[in-house]
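1. everything below, folded, please.
(one chain, ligands or ions: 1)
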Amino acid sequence: MKSHSRANILDVIQKVQEAQIQNEGLSPHFNREKYCGTCLSHDKAAHPETDKCFHCDSDNWISQQEYNSRLAK
Ligand SMILES: [Zn+2]
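-> Below is the predicted model:
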């Protein structure tokens, strides 16, 4: 089983901070069935134009089953 390294966690934090600046003033949409596998946000917020994760700007969508199994680790 592979766990997140510290470098990966710092990388995600940086992406989240960059996305916050980039998405300022935009409203996300919430019509996805999937969750973000990068920042594991629970609200399924997606960018209104690019459809990437609104929180970390990645395109790493995972199923609810996968999401639940990641949270359990
Ligand atoms: Zn994300």
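2. residues contacting Thr30?
-> Check again: residue 30 is Phe, not Thr. Listed by Cβ atoms under 8 Å, 6 or more residues apart in numbering, the contact partners of Phe30 are 43-46. For the C-beta atoms, the positions are set from N, CA and C on the backbone; glycine is no exception.
3. how much space between it and the ion?
-> Separation of Phe30 from the ion (Cβ to the ion, to the nearest Å): 13 Å.
4. and the pLDDT at that residue?
-> Model confidence at Phe30, given as pLDDT, is 95.
5. enumerate the residues of this structure near the ion.
-> 36, 38-39, 53, 55-56 (Cβ under 5 Å from the ion).
6. could these go into JSON lines alongside pLDDT?
-> Formatted as JSON lines, the residues of the chain next to the ion follow (pLDDT from 0 to 100):
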{"residue": "Cys36", "pLDDT": "96"}
{"residue": "Thr38", "pLDDT": "95"}
{"residue": "Cys39", "pLDDT": "95"}
{"residue": "Cys53", "pLDDT": "97"}
{"residue": "His55", "pLDDT": "97"}
{"residue": "Cys56", "pLDDT": "97"}
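7. could I get those residues in a markdown table, plus columns for secondary structure?
-> Formatted as a markdown table, the residues of the chain next to the ion follow (DSSP: H, G, I helix; E, B strand; the rest coil):
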| residue | secondary structure |
| --- | --- |
| Cys36 | strand |
| Thr38 | coil |
| Cys39 | coil |
| Cys53 | strand |
| His55 | coil |
| Cys56 | coil |
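8. what is the nearest of the residues you listed to Ser69?
-> Cys36 (14.7 Å; Cβ to Cβ).
9. from Asp11, how far off is that closest one?
-> 14 Å (Cβ to Cβ, to the nearest Å).
10. neighbour count winner among the two?
-> Applying other Cβ atoms under 10 Å to Cys36 and Asp11 shows that Cys36 carries more neighbours, namely 26 against 14.
11. correct me if wrong: the more buried one contacts Cys53.
-> Yes: counting by Cβ atoms under 8 Å, Cys53 is a contact partner of Cys36 at 4.1 Å.
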